[in-house]
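> got a structure for you, letters missing:
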């Protein structure tokens, strides 16, 4: 058997290695100092590891990201993971166990006996009939063989008196794919009642309730997930957007501010763009301006951010700043019809029909089929005719 230990702290890595050696079960024990190194070892290995022991907090690629990457690849998705955590209440731990499919965890400091028990239990569970049935039912669900998956789940239920949350959740996923949304929601509710940190069930429940139009239930469910594991920036943004659409401005702002305060967000530039877009769509132009400026700090030449920043300035009546923003952008992108169009809209707001007309004509030079620009050009002509 082969195992991989992923731990950046040298002493902890050595300790885990000694514990594994004392178990006398593994022919090879490989080590990695972070998720990037571990991923290369996974990919370059001729055969899969029998188990991975992985710390949650790692430099470069953290343990949660590494776990997620493995679960997203068909050939690595069933490698068992035992996560090492600083605390049993760590938010990322709930995400690892309840959403990404980590098999177990141990909390520092831990004894040799506890560590061995957890590793042995995971290895035993991975060979169990239940695990084989679950994998088969999951694969049937993903390939569209829904009735076969349901039959397999029913077989497991008949043989076991205690229904685990993941089985209820999988049945809910089957029903959801079949379009039986109310029945699916019932199964997710059962899974949620059994295991309050099984985020995957809560996430599915929110999806079903959104399709059913029950926005209040969606918001309540997303709030619960945020309390457990506020680690998915896009999910937090989605919750904030829904709160703002419902008129709960203060709460929506609070969640967006939480996203901005997270210092370890992957794809930070993309997340900043999404946050600013939510502010802009909600009419919170000052907030949108602030975040678009942050986004431009990450990607100074991003044309979309420059364009949207100018729109937020225009909406606040900061016409001169908006004009300068457009003109600077046009120096870099002199053939961009959208920039000319929006600059024309700015001049219309300033009742400058001459400059507006010139900008709309320029925009149509590069995009002659734009009906919106044609309409604005006609309005500019009317403005000039009245003078």
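Arrived safely, thanks for sending. Keep in mind it's a predicted model, so treat the numbers as computed, not measured. Residues are numbered from 1 along each chain as shown.
> just the helices in the stretch 51-200 of the chain please.
Ranges of helices in the stretch 51-200 of the chain, per DSSP state H, counting those that start in this stretch, are 63-71, 91-98, 112-126, 129-142, 146-159, 165-177, 181-194, 199-212.
> how about the fifth one: buried residues?
By neighbour count on 16 or more other C-beta atoms under 10 Å, the buried set for helix 146-159 is 146, 149-150, 152-153, 156. Yep, even glycine has a C-beta here, placed from its N, CA and C like the rest.
> show the average pLDDT along that helix.
For helix 146-159, mean pLDDT rounds to 84.
> same check, this time on the fourth one
When the per-residue pLDDT values of helix 129-142 are averaged, the result is 89.
> identify the residues contacting it?
Identification of contacts with helix 129-142 by C-beta atoms under 8 Å, 6 or more residues apart in numbering yields 78, 125, 146, 148-149, 152-153, 155-156, 160, 166-167, 170, 173-174, 177.
> format the buried residues of helix 146-159 as JSON lines; extra columns: distance to residue 37.
Supplementary listing: the buried residues of helix 146-159 in JSON lines, determined by distance: C-beta to C-beta, whole Å:
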{"residue": "146", "distance to residue 37": "40"}
{"residue": "149", "distance to residue 37": "37"}
{"residue": "150", "distance to residue 37": "42"}
{"residue": "152", "distance to residue 37": "38"}
{"residue": "153", "distance to residue 37": "39"}
{"residue": "156", "distance to residue 37": "38"}
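> and those, which is closest to residue 245?
Checking the buried residues of helix 146-159 against residue 245 by C-beta to C-beta gives residue 146 as the nearest, at 33.1 Å.
> pLDDT below threshold where in the stretch 101-250 of the chain?
Per-residue confidence for the stretch 101-250 of the chain (pLDDT under 70) gives these ranges: 158-163.
> for the residue nearest to residue 114 when sequence neighbours are not counted, name its beta-bridge partners.
Sequence neighbours aside, residue 106 is the residue nearest to residue 114 in space, at 6.4 Å (criterion: C-beta to C-beta, 6 or more residues apart in numbering). Beta-bridge partners for residue 106, by DSSP bridges, are residue 84.
> count of residues packed around residue 106?
Residues lying near residue 106 (other C-beta atoms under 10 Å) number 19.
> give the contact list for it.
By C-beta under 8 Å, 6+ apart, the contact list for residue 106 reads 82-85, 114-115, 118.
> please apply the same query to residue 112.
Counting by C-beta under 8 Å, 6+ apart, residue 112 touches 19, 22.
> redo that, cut-off 10 Å
Contact analysis of residue 112 by C-beta atoms under 10 Å, 6 or more residues apart in numbering lists 15, 18-19, 22-23.
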